[in-house]
Structures are given as C-alpha cells and as structure tokens.
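J.: just the structure for this:
(3 chains)
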Amino acid sequence: MRTAAGLTALALALGAAARNQAAPKADTGSGLAAFETVRKVFQHPRCQNCHIPGDAPLQFDDGRTHGQNVKRGPDGQGAAGLPCATCHQSRNPPASYGANMPPGAPNWHLPPARTPMVFIALTPGQLCATIKDPARTGGKDLPAMLDHVANDQLVGWGWDPGAGRAPVPVPRAELTAAFRTWMDAGAPCPTR
Amino acid sequence: MSASGIDRRTFLRASAQAAGGLTIAFYAGPLPLRAQEGAPAAAARPLPDPNAFLRIAADGTVTVVLAHSEMGQGMWTGLVMLLAEELDLDWSKLKVEHAPVAAAYAHPFFGIQMTGGSTSIASEFDRYRQVGAMARTLLIQAASQKWNVPAADCRALKGEVVAAARHAGYGELAAAAAALPRPTQVTLAPPSSWTVIGTPHKRLDSAAKVTGRADFGMDVHFPGLHTALVARSPYFGGKVKRFDGAAALKVRGVKAVVQVPSGIAVVAENFWAAKLGRAALDVEWDPGDGGTIDTTEMARSYRALAAQPGGVKAKAAGDPVAAMKTASKVVEAEYDLPYLAHAPMEPLNCTVRITADKCEIWTGTQLQTVDQGPAAQITGLRPEQVEIHTQFLGGGFGRRATPTSDFVREGTREDDIHGGYYRPQYFHKVKVGLDAKGAPVAWQHTLVGQSFLIGTPFEGMVKNGVDPTAVEGVFDSAYLADVPNHLVEHHAPKSPVTTLWWRSVGHSHSGFVMETLMDELAKAAGQDPLAYRRARLAKHPRHLGALELAAAKAGWGTPLPRGRFHGLAVHESFNSYVAQVAEVSVDRGAIRVHRVVCAIDCGTAVNPAGVVAQLESAVVFGLSAALHGEITLRQGRVQQSNFHDYRPLRLHEMPVVEVHIVPSTERPSGVGEPGVPPVAPAVANAVFAATGQRLRRLPLRLA
Amino acid sequence: MDVPEDMPLLWVLRDVLSLTGTKFGCGMAQCGACTVHIGDGPVRSCVLPVSAVGDRAVTTIEGLSAGAVHPVQQAWIDEDVVQCGYCQPGQVMAAAALLKAKAQPTDADIDAALSANLCRCGTYQRIRAAVHRAAGQTGGRS
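T.: Take a look at the predicted model:
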C-alpha cells in the first residue's frame, strides 16, 4: 500500500530527477542496487553516529552513546555552553597527539533537532523515504543531497576519520556515482 | 647509552625512581585503626614549639603553618580553625602555608611528616589549639606588661589584645611576646565556650583556586627548568632490554635521553617536546614475570586460593566449623573486587632543583619525611639537605603517599592509569551460619589480595603477620564481635603489580562485602535490612546512631516514587561511623543513583561545612568505583589508559547527596575516607531491592 | 612566539607563557581542566594546535575578569565549591561560557554543558548550585 507521503516523496524525486535529465538513464533494478551502496554508507558508524533520533550522538565504531553527556542542542551545534567545537576542531588533531583524540572537520555538527535526518535503525525502505523527504533532510532535495554526499567537508571526514575509527568502506567517488545512479533510476525505494 | 646534554646539577624535573631501602619507624600502631589509642595523652607530651606553627608579623599578619598537606580535604581551613579557637584572629590578616620538612611537623600519631589515614584533624586537635593558646598567653602577657594591667583583665579579640579601653594589635605585641618565656602549660577552652570549632567555616583556599592562582606541583616554573618524561615498562617489573634515543633527540626541544632506574627519561625544554620525544623513543622491553598477568585469571586463582587453608589468621574465636553444622541456615557468598586507580585530577609530578649542598623539591606529597630518603639517595645528600616545598595537591586519595616516592617524575594521565600503586584486586569467600532467629552464630571469612605493607617500608604496620590494611572492616567489624564462632583469614599472594592505599584502604572492599552480605543475611532471616542491622548492632551505639539518623532522614520504609528503591549500609572506619541510604532506579540494565542520604558520627565535627563536603566527595568517589571503576590487565598490559575508559562519575550522573552529622562530644575522628565504604553496598542493596539480583562484584553490572 | 605549530595551546600557555592557571588533566579532551575561551566559546586547549588559534582572542582563567572577581568565581566561593581545586579553573571557564550562551540555565542545561568537565573530588552538586547562583537564580540547589 502506498501512503500519501510516499507518493509526494516520489513525485518530488521524479521532479528533481527531471530537472537534471530528460529521462531516467537507469532502470529500477540497478537503481535499487545503487541504493544498497548508499544505504551501506549512510548506515555506517561514520555517518549514522550523528544521524540519530533523540538528543544524544553516538561515537566510535560500536556506536556507543557519546561520552560526557554530549547533546545535539536545538541547532545541531551542541548544547548551550558545550558546542561541538569545544573539542572538535576543523580538522583531525595531528597524529602526534595520540589515539582516541576528538576528531575534527569543518563545521562539526549534527543535523538540527527540527530535521534530524535520522539514518540509524531504519529499514532500507524507511531510510530511502527519509532521504527523499525534504521535511526530514533540512530542506535538501535529491540534488542537494547529492551535493552533500559528493562535496560536504564534514561528510568527507568519513573517509579520513583519524586513528582508531574505520573509514567509510566505499570510496567517495563510488558512493557519489551510486547516489547518482539511484537518482537517475527515479530514486526507487526498497519495499522493506 | 647516555646522551646527556644537560648537567645533572641544572634544573630538572626529576626522572629517577629510587630504590627502597628506607624503613619507617612508626610511632604508633596500625595507621588507620585505633591510632589514637597508641598515642600518648596530650597532657603527657611537651607543648609544641609555637614558632613552628605560627608567625605574627609586625603589620599584624598572622601566618599559620600547616603540618599537613592540603589535598582537597580542607586542612587549609580546619587546622586554622583549631588554632583560631584559642587565638581569636582577624581573618582578613591571615595567611596559610604548608610547612617545610622538619621534625617539628611530625604527625602526632605517626611520628613522621605525612598526611593520611583521615587523621589530620584527629591528630592535631590538641597541638594546633595549644599553639593558639600559647600565642594568646604570650601576647596577653606582653600587653599586660606594656600597659601594666593584670593579665586577667586582658583578652585576645579579632587580632588584638584588649583591656578596657586599651587595645594593641598582635603585630605590635609580637616582638615583646616572643621575648617572653614560653608557657609550660596552657588551658584549652572547654567545648561549652567554643566559638570556632563546630561552626561551619567556608574554605580559605577558594579564591586562589577559582582564579588559577593556586600553585599545584605542576605549576612550578623558573628559568632553566626542564621537563622529563619517563618511558616506563608497559609490564609491571619489566626492564629495558635495548633502546635507541636517536629519533627522540631529533625532536625539537629535546635535550637529553637518559636511562634511569624506572626506564628511559627524555629531558626537554617543555612538556610537549618531552612527550613527542618519548613517543619517538625506540625501546625494547623485557617483560619479566609481569608479561603474562591477566586479572581474570588472577580472580580465578584467588578463588582457588580462598578455598585453601593456610591463610594468616587475622581473628579467630570458638569453633566456626562445628557451629556451622548446627546452624539453621547457611549463607555462602563470594566477592570479586578489581584493581582501582586513584586517578587524581593532577597527574603525578615533581619539580627538583639540585645545587651543591641542597636538593629542593616542589611537589604535592602526602609523605614529606619518606620522600626525603630517595631524593637523598639519588643526590648523595643527607636527607635533611632535601628541602620539600609542598604545593597544593591536585587530589591525593592515597596516591601521593608511596613508600618508594614513585611519583618523582612528570607524568601524563596514561602514565598515571598505567602506573600501578592500585587498590589491590581482592576476593572474599564468606560462609555464615544463622540460628533459628536469624542471628549469625558461625562466620568463616577468607580474603585473598596483595599486601602493600609486607616487604615495603611500611612493614612495621604488620602485627603478628596480619596486615591490618588488608582485613580491616572485617576482623574488627562490630558484626563479627558478637558472633561466638568466627575465623578471618588472609592470603596475600605476590604480584609485580604495585598496590597501595586507596581512599578508605581495606574498607574500600570490606565495606562492600560486609554490608551487601548483611543484606543477604537479613533476607535469609526474613527480616527488614534496617531491623536486622539494628539487632546486630544493639551493643554498638555509634553505629546505631548513624544508622538511625540516615534511615530517618531518608524515610526508610516509607513509599518511594514508582521505580525507585532504597538500599542501606553502615560502616565504621577511621574511628568514624557512616550510614548511607541510596535511592536507585534501574532502567534497561542501567543503574541510576538519584539520592544518597548520609549520616556520620565523626566525634566533634570541627568544621561541619568541611565534613559535609567530604561526605559529598566520598559518595562521588565511591560511586565512581561502584558504577565504573576497574583496572584490568591482559597479557601483562593495563587495558585502561585515560578518563574515557577509566571513568570517574560525571555531573549528569551525580545524585543529590544529603549529609547529616550525629551530634557528639567525642574527640574528632576521621572524615575524608569513612564516607567511601558504604556507598557501593548501599547502591548494590538498592539494586537488589529493584531487581532481585544480588551483585557481588564491582563495578556493579546487571545480568 | 617561536613554537612548533602543532604544539597544543595548553602547553604554549603553561610552558611558554607561564600561564599555569589552565590545567593539564588528560590531554585528550576528556576532563575539561584545560578549558579556555576562544571568542565566547569554550575550547579544550589540550587538543588544539596553537596554529589553529589564528588571530582569534584567547581568554584564560587569568583573564576571565580583569582585576575583579567574575560572578562565576564569586558564586564558586559563596557555594564553597572547591576541594583540591585542580579542575576548578576549567569548571569556572566552562560555566562562564554556559552563562554567556544561556543566561538562565536549567539543571538539564547545566548537566549538558558541564558533564564534560571532570571533578575527582566530586564537587558536582555544588557546581550546579553555584551556576544557578551566578545566574542570579535562587533555590537552584538541586
């Protein structure tokens, strides 16, 4: 059964795709396969640790609750008086600082509480719907999401997370290509 | 290799670790037990030299010199209060400082200059008052002669001596007073006229500490000072097999790489250069016997050892084996307690300046007299040529009282967590037989854990082979005293892992064992935990006083909010009695402590504000260990390294702590430590009430 | 100032400038003893390369309030917060940053802002009360 929200999302997605190219260049099957690559990355600890419901980010590869009672804060920049930037600078600390240092990247933050863009603990279908819903992505349509995936510097940290953290397992170019393939196929969503 | 680029007699944050070889002749008996009994009555002692403890400048500034170190416990305030009870001060003209090392500052109970055993106020209760009274007597005498009025008409008031309309500041009278013969006896104010003792006083070191002006050991700087970090064996007892310092010497700011008894020291212009230099060292270690240590395996072997005879008998009465056979009910339980690090906020450190005839040391230490020994040995000076400038201690908890002065080095947090001198890992095996009414009639108790007295300079504290710091809280327990048949034994296995007193020492594990066990016995007897303890402690009024006060203030037995549960514990240590009621909830396996109500009988509470603060502190220290604290080793390596995996309690985990003081006219007893032992059992007992799970190991983990 | 650009700000402050009010506790942003302000925001100086400061203004505990006692420091004194005191410069700096960001914090705000500062002496209950006091809130003791 298709919900009204699902229809809207699909329509938006098609609209977005239509702005880029005249017709889908890929079929639904390859689109779904490409989405699996996207899902694998989005639900990797490097991404999903901050794409969380609630107010408490996660950390490390096992996705434990971030220590020190760290909170998202209303705008995703951390709690009043403890912004993310207290510990997370605009780049990883030098290797000479040792293991388990707070990592860094430009504009270290979480999605804002209003549009938390939750990735964690979703089925592939739910994740797909989330990505396609600007109400949950902070107003990002699919091309904007593609840009986020391809160019955002904080997202890019996922491939250079510093010592003690696994990088995103798929090269960024491959992820970007997969995201594009999925978009080009009309951004189909898995059924479960 | 000795790439010494720096003269030994230049300034150096010292790196060397001394061999032991020093024996401490203790004045009295076992440190934390009945210290007061071993000390002669105050009246039998000569009066102290007031000049050692008090200076009065011409401008009226009064400087009080502390024989004990300020490590958070409030001696900076408490000792001054004792003196001020006899010599009324103008507090705006007060200065406080740590004493140099000298015989005059020997601990009244223990005979060496030191801070520990929750004895600072207890041991100085007379001396600092006597100093105040002597000064008052002399100042009044000086005024009396100056004005030619009877001394009886003069009194000391807020920094002045006054007689009718006349008044003169202490500063104006100091020179004349100093020339007078010292009184050979003084009369101390009776409790009924105390105006300072028993009145809450705010801390005197707050302003310096909140503005960053307070100097800790780490804050000492002078031109030419170098910083040394020591690469130490990652295995306890390990040795350097081979090292190459070439890469370290290439690090900017590194001046020298030197092999020292504790490892390889990297000497540099500043801490950061030393840290980078140390990281660049190429060292191969010979792990020695310590290379295979595994704490899980240790716990297994301790358990096996506990089942063996042959432990040192710490206390015995009757025939527990026979009595056990006739018991109506038998409760058996085994307890596992981990190694714990003290982890004071200020990493261990020490600054040294060596000249031809003097070794000056700046550090936060609990054991000045002991520290002189290794420093003298290293420098070839006499101990009295070693001057120690005691700085504020950024936390002590026992860690800054090592028999080998091991802290003589700069350190990182990782050095601290890996550095040993832990609260020993322990195993307790207990079997208790109850009669038909639920009263214990037979008690067999075997403890297994390292001794940090046997084979160390503190061996003198071992009595008849019994290490009191191992079995305290069990062999001297009020519960055991009334059990006609009992046996307490201690096995002290050896290990290369170094161990030490950790805030509340043996009580830190025995308190947990005894008070969770008491809950278990109450359950077996079908009785309420409070009622059961009342019956057991009927002949122990001070235990009962604390217990009843805490229970009443916490509302024991009255309904709690849904999902909340109470647990209680009462324990005597350092001659004080503390009861605590913890209010706890359990949510998906997570233990949350909401409120801890404490009652303490510490005799006369000299500074009630300080007593309250110490109890709050003890609750946090105990909870940190109960909920998170654990040092484990695998293949000889400590698995924790910093505050992310050796977790002290944080603000958001902080329960509301309420402290109530049992009114008492007894002499003061310990305050800094006695609040620690009851926390873990009170929480564990509440967890049992909440879940039915009886947790017998720390840290507390629900199944 | 001639220091390596990777040197943490903390050690530049302590060992080069002899500003020792800022403390070293962990070296990995776990304890907050090294907290300074850069602009209005709190920063853990132990993990900040000095080169990353750029031309931004750094305020340490020594400069929190020129000559006078900052309201947070006064509240700390009034609530008798300190024990060993080693963590307290960092606690004070963190609390001052919280009050700049939120003038009337709740207990939850205080827990969210200050749980990243460790105190081994366990002065947390008084820290909560002192933050409320510094904010001019009465009956704040939780």
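J.: quick one: the host helix or strand of C:Ala108 to chain centroid distance?
T.: Element membership for C:Ala108 (DSSP states H and E) is helix C:107-114. Its chain's C-alpha centre and that of helix C:107-114 lie 14 Å apart, by Cα atoms, centre = their mean, to the nearest Å.
J.: one more: stretch B:107-121?
T.: With Cα atoms, centre = their mean, you get 11 Å for stretch B:107-121.
J.: next one: stretch B:104-122
T.: Taking mean C-alpha positions (Cα atoms, centre = their mean), stretch B:104-122 and its chain are 12 Å apart.
J.: anything in it near chain C?
T.: No. Stretch B:104-122 lies out of reach of chain C by Cβ under 8 Å from any Cβ of the partner chain, never closer than 12.4 Å. C-beta coordinates here come from the backbone N, C-alpha and C atoms, glycine included.
J.: how about that stretch: buried residues?
T.: Neighbour counts using 16 or more other Cβ atoms under 10 Å in any protein chain shown place B:105-122 of stretch B:104-122 among the buried residues.
J.: ok, back up a step: give the next helix or strand downstream of the helix holding C:Ala108.
T.: That would be, after helix C:107-114 and using DSSP H and E, helix C:124-134.
J.: does chain A sit close to that next one?
T.: No. Helix C:124-134 stays clear of chain A (Cβ under 8 Å from any Cβ), getting no nearer than 9.4 Å.
J.: got the angle for that helix vs helix C:107-114?
T.: Interaxial angle of helix C:124-134 relative to helix C:107-114 (axes from the mean of the first three to the mean of the last three Cα atoms, to 10 degrees): 110 degrees.
J.: list the helices and strands helix C:124-134 packs on?
T.: Judged by 3 or more Cβ pairs under 8 Å, 6 or more residues apart in numbering or on different chains; DSSP states H and E, helix C:124-134 is in contact with helix B:608-627, helix C:71-78, helix C:88-101, helix C:107-114.
J.: can you put those in TSV and add mean pLDDT and distance to chain A?
T.: Output for those, formatted as TSV (pLDDT from 0 to 100; distance: least, Cβ to the nearest Cβ, whole Å):
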stretch	mean pLDDT	distance to chain A
helix B:608-627	98	14
helix C:71-78	97	12
helix C:88-101	98	3
helix C:107-114	97	3
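J.: so can I have a markdown table of those helices showing mean neighbour count?
T.: Shown next, in a markdown table, are the helices and strands packed on helix C:124-134 (neighbours: other Cβ atoms under 10 Å in any protein chain shown):
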| stretch | mean neighbour count |
| --- | --- |
| helix B:608-627 | 26 |
| helix C:71-78 | 22 |
| helix C:88-101 | 26 |
| helix C:107-114 | 23 |
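J.: so can I have TSV of the ones you listed showing distance to B:Gly212?
T.: Below are those laid out as TSV (distance: least, Cβ to Cβ, whole Å):
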stretch	distance to B:Gly212
helix B:608-627	21
helix C:71-78	10
helix C:88-101	4
helix C:107-114	18
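J.: for A:Ala95, which of those helices is the nearest?
T.: Distance to A:Ala95, taken as Cβ to Cβ, is lowest for helix C:88-101 among the helices and strands packed on helix C:124-134, at 25.6 Å.
J.: chain C contacts on chain A?
T.: Contact residues (Cβ under 8 Å from any Cβ) of chain A with chain C: A:67-71, A:73, A:79-83, A:85-87, A:89-91, A:93-94, A:96-98, A:100-102.
J.: so which of the residues you listed are in strands?
T.: Cross-referencing those against strands under DSSP state E gives A:Ala79, A:Leu82, A:Pro83.
J.: pLDDT below threshold where in the chain?
T.: Using chain A. Low-confidence segments of chain A (pLDDT under 70): A:1-25.
J.: wait, I meant chain C there
T.: Judged by pLDDT under 70, chain C has its weakly predicted residues at C:138-142.
J.: pick out the residue nearest the middle of it.
T.: In chain C, the residue lying closest to the centroid (Cα atoms, centre = their mean) is C:Met93, at 2.3 Å.
J.: and the residue of chain C nearest chain B?
T.: C:Gly21 (2.1 Å; Cβ to the nearest Cβ).
J.: list the contacts for that residue?
T.: C:Gly21 makes contact with B:Thr211, B:Gly212, B:Arg213, C:Thr60, C:Ile61, C:Glu62, C:Pro89, according to Cβ atoms under 8 Å, 6 or more residues apart in numbering or on different chains.
J.: quick one: the closest residue to B:Ser301 other than its chain neighbours from chain A, how far?
T.: Leaving aside its sequence neighbours, B:Ser301 sits nearest to B:Pro493 (Cβ to Cβ, 6 or more residues apart in numbering or on different chains; 7.5 Å). Distance check for B:Pro493 against chain A: by Cβ to the nearest Cβ, to the nearest Å, it reads 33 Å.
J.: re the thing from before, nearest to B:His509 among the ones in strands among the residues of chain A next to chain C?
T.: A:Leu82 (36.0 Å).
J.: pretty sure the closest one contacts A:Arg72?
T.: No. Judged on Cβ atoms under 8 Å, A:Leu82 makes no contact with A:Arg72 at a distance of 11.1 Å.
J.: between the two, point out the one with more neighbours.
T.: More neighbours surround A:Leu82 than the other of A:Leu82 and A:Arg72, with 29 against 24 (other Cβ atoms under 10 Å in any protein chain shown).
J.: quick one: that one and C:Leu114, what's the gap?
T.: Plainly put, A:Leu82 is 8 Å away from C:Leu114 if you go by Cβ to Cβ, to the nearest Å.
J.: overlap in contacts, these two.
T.: By Cβ under 8 Å, 6+ apart, the residues touching both A:Leu82 and C:Leu114 are C:Ala94, C:Leu98.
J.: looking at this, B:Gln259 is in a strand?
T.: Yes. According to DSSP: H, G, I helix; E, B strand; the rest coil, B:Gln259 belongs to a strand.
J.: what is the neighbour count of it?
T.: 18.
J.: partners of the residue lying closest to it once chain neighbours are set aside in the sheet?
T.: Spatial nearest neighbour of B:Gln259, excluding adjacent residues (Cβ to Cβ, 6+ apart): B:Val240 at 6.4 Å. Beta-bridge partners of B:Val240, counted by DSSP bridges, are B:Trp285.
J.: does B:Val240 really touch B:Ala265, like I thought?
T.: No. B:Val240 is not in contact with B:Ala265 according to Cβ under 8 Å; the separation is 11.2 Å.
J.: give me the more crowded residue out of the two.
T.: More crowded of B:Val240 and B:Ala265, by other Cβ under 10 Å: B:Ala265, with 30 against 17.
J.: what about the more buried one, is that helix, strand or coil?
T.: Per three-state DSSP, the secondary structure class of B:Ala265 is strand.
J.: partners of it in the sheet?
T.: B:Val230, B:Val258.
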